[in-house]
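Asker: Mind folding the following:
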Amino acid sequence: MPLLIRHARVLTLASTSAEPGTLSTKKHRRGPALRDLGILPRADVLVQDDKIAAVGPDLNAPPDTDIIEADGRVLMPGFIDCHTHACWAGDLLDAWEKQLAGEKPTGFDPIVHAVRNSTRKQLAAALRVRLDQILAGGTTTVEVKSGYGLSLDAELKLLHAIQRAAQEFPGTVVSTALLGHTIDGDPANFTRLVVREILPAVWHEFPGITIDARSSADAWPVEACVRLFERARKHGLEIRVDADEFASTGMIPEALKLHARSIDGLEHASKNDLLALAASDTFGVMLPARSFHQGNRYARAGFFVDNHGLLALASDFNPATSPTHSMPLVIATAVRCCGLTPAEAIAACTVNAAAVLGLTDRGTIEPGQRADLILLRHRDERLLAHELGGNPIDLVLAAGRRIAR
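Answerer: Sure, this is the predicted structure:
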């Protein structure tokens, strides 16, 4: 049945230079263009099947159309969360409580242990519950990494669990193999095992999957990341890296040489490295909720955008460093602490986040695009950044399907 949303304030995120009625060819945004939300102050959006059929004022409704009266509320693309670790088992509450008491963080060994002792079915079921919560919060596309296995069998189990949960999800899940998450045992032996044995097994089981690593003093050293990425690149795989969370490591120049799809985190990236990243076609994915939870430095998103960097925002949803999947909270934190405007933050977790994941069929409201839409209870999109807490979503559509909340 066709669906028509009437009289909405529509954030199309479409390029204002595109011809009316056509898809804008350049999806991602840089510099001042990041603030252009392509707003239609009062318009209708017609959805047929899983696609957007028309956008404009006073559209004619086909027979038997389901009509939703927006009454001036904001209609926008569904959030796209391009960096999460949403597939896990167990918890870190005991470790967190000790950390609150002033003890040093102890890593995520309890999570690894719980993952290894869980079945694929159990991991998929836990992820499916989280995916429903994520969708209810307006995120219609979510990237989910492995990484809590630290062995071939456990990493494959996580990736199969992600695949299984995705099949039952009305939104979209993009899986990533985070093979360089941390070190288990001797660093030289473990990184060699991952590069020589785990990586080939993963790409044979999941052809075309993106390979990820975390470059940090408590994770993988730069030279090990480079070895992993060079081998992944030889087999045509995209690469991503989380870098400079606690200190500048030298990973950014190496990742740029390897044409990484994104460099994430960036809390302690130097100005020179941020300028080099901004001059490239690699995305900087910043994770303000991680800084908020840990009380650490925030990445300089405003500086990066002012220098025409390709910015995306993501939640980093995980039980250790960012226990939230709320993209409104990410937007609110990014505006308060990272130097962004509300419009820049909104574009960074819709149209630009779609580009990070290589998805050109979403992130904007244009004819022919996938009908992943959210209707806010707000009539001014700036309230996404101003309001703290709560769920601002009145309606979620995933591929044209109305999601019960």
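Asker: May I see the domains of this structure written out as residue ranges?
Answerer: According to automatic domain parsing, the chain comprises the domains 3-78+362-403, 79-356.
Asker: worst-scoring helix or strand of this protein, pLDDT-wise?
Answerer: helix 93-100 (a mean of 92; mean pLDDT, DSSP states H and E).
Asker: residues making contact with that helix?
Answerer: Outside of helix 93-100, the residues within contact range by CB atoms under 8 Å, 6 or more residues apart in numbering are 105-106, 110. C-beta here means a position set from N, CA and C on the backbone, and glycine is covered the same way.
Asker: what comes up buried for that helix?
Answerer: Across helix 93-100, burial judged by 16 or more other CB atoms under 10 Å covers A95.
Asker: Tell me the gap between that helix and the middle of its chain.
Answerer: 27 Å (CA atoms, centre = their mean, to the nearest Å).
Asker: following it, which helix or strand comes up?
Answerer: helix 109-116 (DSSP states H and E).
Asker: What lies in contact with that next one?
Answerer: Under the criterion CB under 8 Å, 6+ apart, residues 88-92, 94-95, 123, 148-151, 154, 157-158, 184, 319-320 lie in contact with helix 109-116.
Asker: Out of those residues, which end up buried?
Answerer: Among the contacts of helix 109-116, those classed as buried by 16+ other CB under 10 Å are 88-90, 92, 95, 123, 148-151, 154, 157-158, 184, 319-320.
Asker: what's in contact with the one helix or strand L193 maps to?
Answerer: Take DSSP H and E as the rule and L193 turns out to sit in helix 187-193. Applying CB under 8 Å, 6+ apart, the external contacts of helix 187-193 come out as 180, 183-184, 220-221, 224, 227-228.
Asker: among those, which ones are buried?
Answerer: 180, 183-184, 220-221, 224, 227-228.
Asker: Pull the most distant pair out of those residues.
Answerer: Longest distance between any two of the buried ones among the contacts of helix 187-193 is 16.8 Å, between D184 and R227; criterion CB to CB.
Asker: Count the neighbours of the nearest residue to L266 once chain neighbours are set aside for me.
Answerer: Nearest residue to L266 in three dimensions, chain neighbours excluded: A299, at 4.4 Å (CB to CB, 6 or more residues apart in numbering). Residues near A299, counting by other CB atoms under 10 Å, number 30.
Asker: Pretty sure A299 sits against G339.
Answerer: No. If you go by CB atoms under 8 Å, A299 and G339 don't touch, sitting 9.4 Å apart.
Asker: among the buried ones among the contacts of helix 187-193, which are in strands?
Answerer: G180 (DSSP state E).
Asker: JSON lines please, covering the buried ones among the contacts of helix 187-193 and showing distance to F246 and pLDDT.
Answerer: Below are the buried ones among the contacts of helix 187-193 laid out as JSON lines (distance: CB to CB, whole Å; pLDDT from 0 to 100):
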{"residue": "G180", "distance to F246": "16", "pLDDT": "97"}
{"residue": "I183", "distance to F246": "15", "pLDDT": "94"}
{"residue": "D184", "distance to F246": "20", "pLDDT": "93"}
{"residue": "W220", "distance to F246": "13", "pLDDT": "96"}
{"residue": "P221", "distance to F246": "14", "pLDDT": "96"}
{"residue": "A224", "distance to F246": "17", "pLDDT": "97"}
{"residue": "R227", "distance to F246": "22", "pLDDT": "98"}
{"residue": "L228", "distance to F246": "20", "pLDDT": "98"}
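Asker: From the buried ones among the contacts of helix 187-193, which land in helices?
Answerer: Using DSSP state H, the members of those that fall within helices are 224, 227-228.
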